[in-house]
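Participant: Pasting the sequence and the predicted model now:
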Amino acid sequence: MEATPESGQTNLSAIFGSVLKPYSSTQQVAASSDSNTFTGSTTSSSSTSTAVAASVPAAAAAAKGGGSSEIFLAAVGYARVYREDRLNFTSYEIWQWLEYGRYAGVQHVFWYDTAHSMAESQEAALAPYVQAGMLTYHSFYRLFPEWHDIHYEQDSSVSHFFKTYSSRVRWALFCDIDEYMFSPPDTLPGFLLRFLTRHVESASNTTAQVLVQNLFFQGAPSCAPPCLLVDAYAQRSAHTEGRVARTKPIVRVASVRESFAGNPHKFWMKGEAVGGEVGGEGGVGEDREQGSEAGEGVGEGGEEGQGGSNGERRAGSVGRGGQGRVTVVADPSLVRMNHYWGLRAVDFKTWPQRARDNLVPDASMQPIADAIRPRVAPAWKWCVEEKALQDIYRLKASIANSIEQCRTLQMAIQWMEA
């Protein structure tokens, strides 16, 4: 393992030189020759292949036609890595999330680092992805210097993304670093791109967003880093949290009107209505014998209506604006969100037996974990060293502060004695 000559610390760029190589099976996204809609094609190769998470220039080259966005699928992330975090998330968890996104087919990540100090900054940790053209890094408090809470950080990050990058991105995924999109029937690289091209874009151009249902992976972790997050939790809730509650969106960027204040994972869409389930009969999916009943729709003007049954595209009142954009809910057997919740449900206390009885084993992520693990695990040493360096910096700062306090006290005593 290489080390930097000036500090002796592990050279992160040397490690990630191999991380940024493409996966063996790739999903190529190209524009059809006669329109601006994207189509998907899958290729496999053990020697040479195009990266699943293509860089921005490569994605732009694939998007022919004047109206096409240069990035078909992007992810928007924001996080603060800090010492007091009870989840103990570090740069290591961010790298896992980024690599998983690359495997799924995310082509570019727009990252908002909400670090509250330089000691918490992830700029160095994310530098290899920036240098490879796969990530755009923003230090949040350089953009927004005024101090605020986490909701302000999230809302402002999302708002900045739409104001700055909406013309460059066709679809955007919004989720946290403990949330992983997963397709049970498709665990090959590029599965999320295939889902969008086969089950959403190929069926209709009116879909504004796809809501993906959550399954919570819970309990005490079975292993510690360099074990992956997806390795540590292999038991989950038996059912999702529902078709509306705790869903996470994949949005067609051009269709977004605004995000909900205080909830950056929910959006008002232009001419909003709610349609059938992705995968439902008569809806935008396939491979299902019968769709489920569609949910309630709320139009842009606030009018409320009922969606149709059997996955029908008939939705609630569109309201004023009338652009006919539809929000659909993904069939969890087709695509779902694996949410690695851990011990949060019991406030990080001992996991009770009654709670364990409600969980079911699920190791379906292992093929993907096996592909990601060798690319991420070598960088764990850098995290350990970085933590040690930060501890030294904090100790030095604490000592310096104590010395300054002693000097102030000594001056006060001398003044009183005089």
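Facilitator: Yep, it's here.
Participant: ok, the closest residue to residue 352 other than its chain neighbours - how many residues close by?
Facilitator: Counting by C-beta to C-beta, 6 or more residues apart in numbering, residue 346 is the residue found nearest to residue 352 once chain neighbours are left out, at 6.8 Å. To be clear about C-beta, it is placed using only N, CA and C from the backbone, and glycine gets the same treatment. Residue 346 has 14 neighbouring residues, counting by other C-beta atoms under 10 Å.
Participant: before we move on, what about residue 186?
Facilitator: So residue 186, with other C-beta under 10 Å, has 16 neighbours.
Participant: where's the closest residue to it other than its chain neighbours, which helix or strand?
Facilitator: Among residues not flanking residue 186 along the chain, residue 194 sits closest, at 6.3 Å (C-beta to C-beta, 6+ apart). For residue 194, the host element (DSSP states H and E) is helix 191-195.
Participant: now that helix: mean pLDDT?
Facilitator: Averaged over helix 191-195, pLDDT sits at 95.
Participant: next SSE after that helix?
Facilitator: strand 207-212.
Participant: Residues touching that following strand, excluding its own?
Facilitator: Outside strand 207-212, the residues within contact range by C-beta atoms under 8 Å, 6 or more residues apart in numbering are 181, 196, 200-201, 243-244, 247-252, 255-256, 267, 269-272, 275, 278, 284, 325-330, 335-337.
Participant: and the longest strand along the chain, what does it pack onto?
Facilitator: In terms of residue count, the longest strand belonging to the chain (DSSP state E) is strand 71-79. Where contact means 3 or more C-beta pairs under 8 Å, 6 or more residues apart in numbering; DSSP states H and E, strand 71-79 is packed against helix 56-62, helix 91-104, strand 108-113, helix 150-165, strand 169-174, helix 191-195.
Participant: orientation of the fourth one relative to strand 108-113 in degrees?
Facilitator: Here helix 150-165 points in a direction 140 degrees away from that of strand 108-113 (axes from the mean of the first three to the mean of the last three C-alpha atoms, to 10 degrees).
Participant: Show me what the mean pLDDT comes to for helix 150-165.
Facilitator: Mean predicted lDDT for helix 150-165 stands at 92.
Participant: the inter-axis angle of that helix versus strand 169-174?
Facilitator: Interaxial angle of helix 150-165 relative to strand 169-174 (the same axes, to 10 degrees): 170 degrees.
Participant: Flag every buried residue along helix 150-165.
Facilitator: 152-158, 160-162, 165 (16 or more other C-beta atoms under 10 Å).
Participant: Other residues contacting that helix?
Facilitator: Here helix 150-165 has contacts from 74, 76, 78, 80, 110, 112, 114, 136, 138, 140, 143-144, 148, 172, 174, 253, 256, 259, 261-262, 264, using C-beta under 8 Å, 6+ apart.
Participant: one more time with 7 Å, if that's ok
Facilitator: Helix 150-165 has contacts (C-beta atoms under 7 Å, 6 or more residues apart in numbering) with 76, 78, 110, 112, 114, 140, 143-144, 256, 259, 261-262, 264.
Participant: Which of those residues sits closest to residue 131?
Facilitator: residue 110 (16.0 Å; C-beta to C-beta).
Participant: coming back round to it: any chance of the helices and strands packed on strand 71-79 in JSON lines, plus distance to residue 356?
Facilitator: JSON lines is the format used below for these (distance: least, C-beta to C-beta, whole Å):
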{"stretch": "helix 56-62", "distance to residue 356": "44"}
{"stretch": "helix 91-104", "distance to residue 356": "24"}
{"stretch": "strand 108-113", "distance to residue 356": "35"}
{"stretch": "helix 150-165", "distance to residue 356": "31"}
{"stretch": "strand 169-174", "distance to residue 356": "31"}
{"stretch": "helix 191-195", "distance to residue 356": "30"}
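Participant: To residue 363, which of the ones you listed lies closest?
Facilitator: Closest of the helices and strands packed on strand 71-79 to residue 363 is helix 91-104, at 15.9 Å (criterion: C-beta to C-beta).
Participant: Tell me which other helices or strands that closest one touches.
Facilitator: Where contact means 3 or more C-beta pairs under 7 Å, 6 or more residues apart in numbering; DSSP states H and E, helix 91-104 is packed against helix 123-131, helix 366-376, helix 380-417.
Participant: Could you check the last one and say which residues are buried?
Facilitator: Yep, that's helix 380-417 we're talking about. Neighbour-count burial for helix 380-417 flags 380-383, 385-386 (criterion: 16+ other C-beta under 10 Å).
Participant: picking that back up, can you say which of the helices and strands packed on helix 91-104 is nearest to residue 235?
Facilitator: Residue 235 lies closest, by C-beta to C-beta, to one member of the helices and strands packed on helix 91-104: helix 366-376, at 13.6 Å.
Participant: quick revisit: right, and the helices and strands packed on strand 71-79 - which one's nearest residue 375?
Facilitator: Closest to residue 375 of the helices and strands packed on strand 71-79, according to C-beta to C-beta: helix 91-104, at 5.7 Å.
Participant: how far off helix 123-131 does that closest one point, in degrees?
Facilitator: Going by the same axes, to 10 degrees, helix 91-104 makes 20 degrees with helix 123-131.
Participant: now the angle between helix 366-376 and helix 91-104, please.
Facilitator: Going by the same axes, to 10 degrees, helix 91-104 makes 120 degrees with helix 366-376.
Participant: Could you list the low-confidence segments of this structure?
Facilitator: 1-10, 17-20, 24-68, 203-204, 244-245, 272-325, 387-395 (pLDDT under 70).
Participant: before we move on, the earlier item: identify the farthest-apart pair in the contacts of helix 150-165.
Facilitator: The most widely separated members of the contacts of helix 150-165 are 114 and 256, with 21.6 Å between them, by C-beta to C-beta.
Participant: and the residue nearest to residue 217 when sequence neighbours are not counted, how far is that from residue 339?
Facilitator: Once flanking residues are discounted, residue 217 sits nearest to residue 233: 4.0 Å by C-beta to C-beta, 6+ apart. To residue 339, residue 233 is 10 Å away according to C-beta to C-beta, to the nearest Å.
Participant: Mind listing the shared neighbours of those two?
Facilitator: Residues within reach of residue 233 and of residue 339 at once, by C-beta under 7 Å, 6+ apart, are residue 217.
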